[in-house]
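> Okay, here's the prediction I keep looking at, along with the sequence it came from:
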Amino acid sequence: MTHTPDTSPLAGLRARLGDDLVMSGPDIAPYCTDWHGDEVSDAIAVLRPQSTAEVTACLRAARELRLSVIPQGGRTGLVLGAVPDAPATQVILSLERMNRIRRIDAAGFSAEVESGVVLQALQDRLAEQGLFFPLALGAQGSCQIGGNLSTNAGGLNVLRYGMTRASVLGLEVVLPDGRVLDLRRHLHKDNRGLDLKQLFIGAEGTLGVITAAVLKLTPQPEQTATALLALDSLDGAIALYQLARRQCCDLMSAFEFLPPLAFDLAREAMPDLPVPLSPDAPAYVLMDLSGSGLVDIEGLMTRFLELGFETGMIRDGVVAQSQTQARNLWLIREGMNDGQARRGRHLRTDLSVPLSALPAFVAEAEAAIHAALPGAVCVSYGHVGDGNVHLNVLPDPGGDAGAQIAQAKEILNAVVARHDGSISAEHGIGRLKRAEFEAGLSDTQRALLAGIRDLLDPGRMMNPNCQLATTDRP
Ligand SMILES: Cc1cc2nc3c(=O)[nH]c(=O)nc-3n(C[C@H](O)[C@H](O)[C@H](O)COP(=O)(O)OP(=O)(O)OC[C@H]3O[C@@H](n4cnc5c(N)ncnc54)[C@H](O)[C@@H]3O)c2cc1C
């Protein structure tokens, strides 16, 4: 009996890479599902390299077999950038086994880490040395450094430390053709020409695979004061933010806006969560002041709140008296996301406008949604200090959720455009926002973006349907 050789792509991958690197079959199902479970797909295999050399081997194998590669970190991305959409031709490249912290240079305030390191694991290791990587977000127990850099993540601390790209000193990237671009530097200043590493930060896996990064660290805040404040309006929240920015000597590390509905939503997800203020004010703010060394953070918070009450900007407020109380206040912010998910499919947005335009923008956008979809509920909240608002829309349960979501998205995009804002303040483009992103590009922008992509990846092997359509080639 003669055996017909197995010429399938999977066999080709196994032949080139060995069984340890190639996972297939039912085990890959979780890798093919996005965070919310809205998108369930499939792929030929999941490749799980453990070293930079193995990433090179994976990319070369995929190239020879004419397969596309979807780089994947912790799969917490919210724009469908890390999950496949063409099962017959795509492989997932998971960085989860590249999870070593290569070096912490405490004296130089830097660390070199592999891209599969989970953000929380890094923070735990750094805390042992009194250090901190200034990125904090709800997904930090699952997201990975490679994913954080590839999405240029924002999060709670942007108003003090900037987006992720501001905290990256160096990078190691495997290019689509397998070459290693070694830009690992521990230099806090390096102005030698174009800063090539910035190309890969925010590229969402379209230009290569980030395998390691040198991160800029700060001293871990030794004192944090957390307050939940009741206010009269979103305008009042922006005014309070401006006051805090001037009065708190750059020690404000988070300033989150919450609507009164946040308490109900959080309680729907966590019924026992204590809510220390009555939910009858029109607006709430959750803020942190933090610092290390000789500063008196508690005293600063007390003086700031006195000022806020004296000027009538704050109606009511509580300051956490323990770490547990602080944690519980922040759980309101985190729990409201789960609460929205429990109410079913809804529109999640990540919008930004110039800070001073934010109240007018939210008022106009919510009014437009209510006029078109009277039964829908708007939930506007988020990192408003950065001009960033998650203006989510929960559809009327009696109607077609999909149609309402599509209509709400169109309405919001139009209002964002009128305010010269962004459809993606921090989550990126992925596949989810590609159409709107492309529609907003000028011809010159489009030509440059496509040209950079074609220079690095002429075959469009990397994450082909992410950010730009594959057909968009010069
Ligand atoms: C509860 C929750 C809260 C969140 N809060 C915030 C927030 O406050 N701010 C914010 O900005 N985001 C937030 N996010 C979104 C998400 O956590 C971030 O985008 C995060 O940075 C993604 O990291 P990840 O490892 O999960 O990446 P993944 O989801 O796995 O991948 C994201 C993108 O990066 C690419 N990629 C991943 N690793 C690599 C690599 N090594 N090389 C090249 N490309 C790679 C993927 O192809 C994909 O396009 C939140 C998500 C959740 C679920």
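Looks like it arrived, so ask away.
> Provide a list of residues in contact with the residue in the stretch 51-200 of the chain positioned nearest to the ligand.
Per C-beta to the nearest ligand atom, G147 is where the stretch 51-200 of the chain lies closest to the ligand, at 2.0 Å. (Each C-beta comes from the backbone N, C-alpha and C, glycine too.) Neighbouring residues of G147 by C-beta atoms under 8 Å, 6 or more residues apart in numbering: Q72, G73, G74, R75, T76, G77, A82, S115, A153.
> which SSE is it in?
According to DSSP states H and E, G147 maps onto helix 145-150.
> Next: R16.
Per DSSP H and E: helix 9-17 holds R16.
> Let's test this: mean pLDDT of that helix, rounded?
Computed over helix 9-17, the mean pLDDT rounds to 97.
> Tell me which other helices or strands the next helix or strand after it touches.
Toward the C-terminal end, the helix or strand that comes next after helix 9-17 (DSSP H and E) is strand 22-23. Contacts defined by 3 or more C-beta pairs under 8 Å, 6 or more residues apart in numbering; DSSP states H and E place strand 22-23 against helix 9-17, strand 45-47.
> Quick one: mean pLDDT for strand 22-23?
The pLDDT scores in strand 22-23 average 98.
> strand partners of it, parallel vs antiparallel please.
Strand 22-23 pairs in its sheet with strand 45-47 (antiparallel), by DSSP bridges.
> Would you mind listing the buried residues in the following helix or strand past the partner strand?
Proceeding N to C from strand 45-47, the next assigned helix or strand is helix 52-64, under DSSP H and E. Residues of helix 52-64 classed as buried by neighbour count (16 or more other C-beta atoms under 10 Å): T52, E54, V55, T56, A57, C58, L59, R60, A61, A62.
> which among the residues you listed gets closest to D182?
T52 (9.0 Å; C-beta to C-beta).
> Point me to the residue of the stretch 151-300 of the chain nearest the ligand.
Counting by C-beta to the nearest ligand atom, the stretch 151-300 of the chain gets nearest the ligand through G205, at 3.0 Å.
> What separation is there between that residue and G141?
22 Å (C-beta to C-beta, to the nearest Å).
> More neighbours: which of these two?
Legend: neighbour count by other C-beta atoms under 10 Å for G205 and G141, higher for G205 (27 against 11).
> which residues does that one contact?
G205 neighbours (C-beta under 8 Å, 6+ apart): I70, P71, G81, A82, S150, M462, N463, C466.
> Going by secondary structure, it is in what exactly?
Counting by DSSP H and E, G205 is found in no helix or strand.
> Excluding residues flanking it in the chain, which one is nearest it?
P71 (3.7 Å; C-beta to C-beta, 6 or more residues apart in numbering).
> Buried ones in stretch 418-436, by neighbour count?
Using 16+ other C-beta under 10 Å as the test for burial, stretch 418-436 gives 419, 421-434, 436.
> for that stretch, the distance to its chain's centre please.
How far stretch 418-436 lies from its chain's middle: 13 Å, per C-alpha atoms, centre = their mean, to the nearest Å.
> is the ligand contacted by it?
Yes. Stretch 418-436 reaches the ligand (C-beta under 6 Å from any ligand atom) through E426, H427, G430.
> thinking again about what came up before, would you mind telling me which of the helices and strands packed on strand 22-23 is nearest D38?
That would be strand 45-47 among those, by C-beta to C-beta, at 20.0 Å.
> List the contacts of the closest one.
Under the criterion C-beta under 8 Å, 6+ apart, residues 10, 13, 17, 21-24, 27-28, 31, 58, 62, 72, 91-94 lie in contact with strand 45-47.
> And the chain, what are its domain boundaries?
Taking automatic domain parsing as the criterion, the chain consists of the domains 9-94, 101-219, 223-342, 351-418.
> export these to TSV and tack on distance to H3?
Converted to TSV, the domains of the chain look like this (distance: least, C-beta to C-beta, whole Å):
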stretch	distance to H3
domain 9-94	12
domain 101-219	32
domain 223-342	50
domain 351-418	49
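> To T444, which of those lies closest?
domain 101-219 (17.6 Å).
> So which elements touch the longest helix seen in the chain?
The residue-count maximum for a helix in the chain (DSSP state H) belongs to helix 323-342. If contacts are counted by 3+ C-beta pairs under 8 Å, 6+ apart, helix 323-342 sits against strand 223-231, strand 252-258, helix 261-269, strand 283-291, strand 377-381.
> what residues does the stretch 101-250 of the chain put near the ligand?
115, 137-139, 143-144, 146-148, 150-151, 153-155, 204-205, 209-210.
> can you give me the helices in the protein?
So, for the chain - with DSSP H - the helices run 9-17, 52-64, 119-127, 145-150, 158-161, 197-200, 234-247, 261-269, 297-310, 323-342, 358-372, 401-418, 434-439, 443-456.
> Go through those and pick out the most buried.
With neighbours defined as mean count of other C-beta atoms under 10 Å, those peak in mean count at helix 145-150, which reaches a mean of 30.
> about what we covered before: pull out the C-alpha coordinates of the longest helix of the chain and format them as CSV.
What follows is helix 323-342 as a C-alpha-only set of coordinates in CSV (Å, rounded to 0.1, in the frame of the first residue of the first chain):
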residue,chain,number,x,y,z
GLN,A,323,-6.4,49.9,50.5
THR,A,324,-9.5,47.7,50.6
GLN,A,325,-11.7,50.8,50.4
ALA,A,326,-9.7,52.2,47.6
ARG,A,327,-9.9,48.8,45.8
ASN,A,328,-13.7,48.8,46.3
LEU,A,329,-14.0,52.2,44.8
TRP,A,330,-12.1,51.1,41.7
LEU,A,331,-14.2,48.0,41.5
ILE,A,332,-17.2,50.3,40.7
ARG,A,333,-15.3,51.4,37.6
GLU,A,334,-14.3,47.9,36.6
GLY,A,335,-17.6,46.3,37.5
MET,A,336,-19.6,48.7,35.3
ASN,A,337,-18.0,47.1,32.3
ASP,A,338,-19.2,43.6,33.4
GLY,A,339,-22.6,45.1,34.1
GLN,A,340,-22.9,46.4,30.6
ALA,A,341,-21.8,43.0,29.2
ARG,A,342,-24.5,41.3,31.2
